[in-house]
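Chemist: I'll drop the sequence and a predicted model, then ask my questions.
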Protein chains: 2
Amino acid sequence: MINIAVLGYGVVGSGVVEVVKKNEMSISKKAGEKIAVKRILDIRDFPDSPDAELITKNPDEIFNDDSISIIVETIGGIGAAYEFTKRAFQKGKHVVTSNKELVATYGPELLKLAKDSGVNYLFEASVGGGIPIIRPLSECLAANEISSIIGILNGTTNYILTQMKKEGRDFASALKSAQQNGYAEADPTADIEGHDTCRKIAILSSIAYNEFVDYKNIHTEGITKITKEDMQYAEVMGSVIKLIAVSRKVNDKIFARVSPVIISKSHPLANVEDVFNAILVSGNAIGDVMFYGRGAGKLPTASAVVADIIDIVKHSDNGGRNVWEKKDYNNVIDIGESETRFFVRAATENNKEAKNRIMSIFGNVEFIKLERPEFEDEIAFVTMKSTEKDLSAKVDLLKEADAINGIKNIIRVEGE
Amino acid sequence: MINIAVLGYGVVGSGVVEVVKKNEMSISKKAGEKIAVKRILDIRDFPDSPDAELITKNPDEIFNDDSISIIVETIGGIGAAYEFTKRAFQKGKHVVTSNKELVATYGPELLKLAKDSGVNYLFEASVGGGIPIIRPLSECLAANEISSIIGILNGTTNYILTQMKKEGRDFASALKSAQQNGYAEADPTADIEGHDTCRKIAILSSIAYNEFVDYKNIHTEGITKITKEDMQYAEVMGSVIKLIAVSRKVNDKIFARVSPVIISKSHPLANVEDVFNAILVSGNAIGDVMFYGRGAGKLPTASAVVADIIDIVKHSDNGGRNVWEKKDYNNVIDIGESETRFFVRAATENNKEAKNRIMSIFGNVEFIKLERPEFEDEIAFVTMKSTEKDLSAKVDLLKEADAINGIKNIIRVEGE
């Protein structure tokens, strides 16, 4: 019998308790031992919960209970969660979490501490909800040198962009719809500004390249500036706009970025819609492999947490778990040095003159024309591939041009 | 230092040696120990191979070498491979294989033998080439009760069907193209008749439902009878034709089938083209999750083999490995009792009379009309959902109808 304790009885925490009960028989069979939730820590009261008698406000009841060997940390954030995780390791208890902030922030320290304490720190649920991605990346693809990861890692923003594309909504209206459907929180900042995605790509990159990638070094843009007009341009280009997290090993450094990207409809990620997530991984033996599913939600995320618990029960030795090497320099390539193509929309009342100026500054570009009256006073184009630094300097030059009355938007374009 | 031996220096076997060498550094780092190929068994001569000095024709040099702890079996088939696998277990050696025939045929016996011998028998490479699917199914989704699996599990047939759809080729010409591109063998029977797919879905089902599903009990049809005319009907129906393996837990039994299926373009599997494979798994916590990638090829398959090797090095205890319970009755539902919809094409010179007869036999059906002269002498329709037994009886009745000059084809239709 393995006793676990759940810290934080919120959406994911209560989901873990539910899944452990619901699939008790098959989980025991797979784990080789019965698994039971012995205690739940929460400062709130849940008098009507079926788990009410397990809930305690006193962490000592959990940490001083030697019969509890696995802690599920579903508190979130980097405050109490951080302290409790360290305390668990000190007490020789394994920790399983869905807390991407904590892993992205203190991963190297906590993994090292777990290893030194002879216990596990597992976090499959921190990326992609229930989609198996952490274990496939670290174990199933272990024979590969991973060259790149590209993915849609946030369901809220993908739902919003899908609404904008399919229903012709503008951002604000699509966000409202997401909130009404329970896909976005009252304060949606972490999702729509790309912060959530940024932490997830940092975790995946740290695993893939076997060194810590600090999320603070990853250039991150959200989707708030994407308009329904941009969507119409993407459509004409045979493309869609997605919030894309990408990372690539480039010699001794790592390129990583989170931003909206115009991506061809033939790209495997283009058809990933609504709240679904997908992650495409490239390795030097396997080629491309993609993982797809619901990136959030109570039971999918709980499913990933429980899979980690079963893993610990089956392999309680932590000998094989990796720690993340922390470089003493910034191992992330400066965004300015990275290469991309820009889609640029600029206001103009003199299309011909604007065109000439654009060509003289950017050289060879591809103009995109929407034959509708509302697009008459603007000009749009896609640049050749160049460094961000170079392209940004050219955009600055363009802003000075007489025929240009301001830049309306700039969106990166995926592909050659 | 972990020494391994490779049995069979064919495509996959030589790929394993290549990947182990190529990614030596990162593999050692992940496994925590250096992994080296000490011996290769093959009855053929490879004087020009870079691995020539490792090759032996004498199995004793491998089985009697106590320094070799892991055997990679890439011989294929159920003859020598079976004997060598048992011998390895008796000698206390772990076995990793890509041999789907052997696993599908002797899985329960070999898994039991491995467990009793305190060693591992792993076969990630037997399904989906390099796509991680066995481990995700058995470990990452361990918290779930799996309700169904549906997938495209064979690259050869998927390439052929993609060619027929995109290039308007007939089956024979598409097969030839597959052979010319190295995607089909000189004797393509195992692929095009669905046998390969059948063994794979048997393995996945055995893992998912925790009991042995004997491939011999799975109704299996190949794609040889699919014509380019069928493809045109599918197109009109907003669908495509794919060779689909499906299995579902139905109360205490299992439904499993391999056959061509007309599947809506909105289904996640419809866009899986060329030699790619994809597997959609449904669990009671996770919902749907899909795995996608190259289902065959030297390095992808080798990548899966090497991942299993690393797994063994990291977790040499086999405590957690499951065996497959073998029921003493046929646990697969008779195909006649399973429900589906039929797409039926029949020859007729009297369309009106044929239509009446069809409606009187089948009741409510959906007629599919192609407005082209070459389809003038036929009538096509999709039935409501019913048991195969019932539908087949009705087709037999239809064959007797005066207005019908023969049944041209019957293809199952996915969906309600």
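Modeler: Everything's here; your move.

Chemist: how close does A:G79 sit to chain B?
Modeler: 28 Å (C-beta to the nearest C-beta, to the nearest Å). Just so you know, the C-beta spots here come from the backbone N, C-alpha and C atoms, and that holds for glycine as well.

Chemist: neighbours of that residue, how many?
Modeler: A count of nearby residues for A:G79, using other C-beta atoms under 10 Å in any protein chain shown, gives 11.

Chemist: tell me the confidence at it?
Modeler: Note for A:G79: predicted pLDDT of 97.

Chemist: same check, this time on A:A52
Modeler: 94.

Chemist: that one reaches A:F46, doesn't it?
Modeler: Yes: contact criterion C-beta atoms under 8 Å: A:A52 and A:F46 qualify, at 5.6 Å.

Chemist: so who does A:M231 touch?
Modeler: A:164-165, A:168, A:240-241 (C-beta atoms under 8 Å, 6 or more residues apart in numbering or on different chains).

Chemist: out of the residues you listed, name the ones that lie in strands.
Modeler: A:240-241 (DSSP state E).

Chemist: near chain B, which residues of the stretch 101-250 of chain A? Just list them.
Modeler: A:124, A:130-132, A:135-136, A:138-145, A:210 (C-beta under 8 Å from any C-beta of the partner chain).

Chemist: max pairwise distance over these: which two?
Modeler: For those, the farthest-apart pair by C-beta to C-beta is A:G130 and A:E145; their separation is 27.4 Å.

Chemist: and these two? which has more neighbours close in?
Modeler: Legend: neighbour count by other C-beta under 10 Å for A:G130 and A:E145, higher for A:G130 (32 against 18).

Chemist: need the contact list for the more buried one.
Modeler: A:293-294, A:297, A:299-301, A:303-304, B:285-287, B:289 are the contacts of A:G130 under C-beta under 8 Å, 6+ apart.

Chemist: quick one: name the residues of the stretch 251-400 of chain A near chain B.
Modeler: So the stretch 251-400 of chain A meets chain B at A:268, A:271, A:283-294, A:297, A:299-300, A:302-307, A:309-311, A:313-315, A:317, A:319-320, A:322 (C-beta under 8 Å from any C-beta).

Chemist: for A:K100, what are its contacts?
Modeler: Contacts of A:K100 (C-beta under 8 Å, 6+ apart): A:123, A:126-127, A:196, A:199-200, A:203.

Chemist: these two touch, right, A:C140 and B:V306?
Modeler: No: A:C140 is beyond contact range of B:V306, at 10.3 Å (criterion: C-beta under 8 Å).

Chemist: any shared contact partners between these two?
Modeler: Counting by C-beta under 8 Å, 6+ apart, nothing touches both A:C140 and B:V306.

Chemist: tell me which element A:T105 is part of?
Modeler: Using DSSP states H and E, A:T105 maps to helix A:100-116.

Chemist: may I see the buried residues of that helix?
Modeler: A:100-115 (16 or more other C-beta atoms under 10 Å in any protein chain shown).

Chemist: next helix or strand past it?
Modeler: strand A:121-122.

Chemist: who touches that next one?
Modeler: A:85, A:89, A:94-97, A:110-111, A:113-114, A:134, A:308, A:311-312, A:321.

Chemist: narrow those residues to those in strands?
Modeler: A:94-97.

Chemist: rebuild these as a markdown table, extending it with distance to B:N277, pLDDT and neighbour count.
Modeler: Listed next are these as a markdown table, based on distance: C-beta to C-beta, whole Å; pLDDT from 0 to 100; neighbours: other C-beta atoms under 10 Å in any protein chain shown:
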| residue | distance to B:N277 | pLDDT | neighbour count |
| --- | --- | --- | --- |
| A:H94 | 35 | 97 | 26 |
| A:V95 | 36 | 97 | 28 |
| A:V96 | 31 | 97 | 27 |
| A:T97 | 32 | 97 | 27 |
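
Chemist: and the residues you listed near chain B, which?
Modeler: Within those, nothing lies near chain B by C-beta under 8 Å from any C-beta.

Chemist: just the closest of those to chain B, please.
Modeler: Among the ones in strands among the contacts of strand A:121-122, A:V96 lies closest to chain B (C-beta to the nearest C-beta), at 11.3 Å.

Chemist: residues contacting the closest residue to that closest one other than its chain neighbours?
Modeler: Closest residue to A:V96 apart from its sequence neighbours, by C-beta to C-beta, 6 or more residues apart in numbering or on different chains: A:D308 at 4.3 Å. Applying C-beta under 8 Å, 6+ apart, we find A:D308 in contact with A:96, A:122-125.
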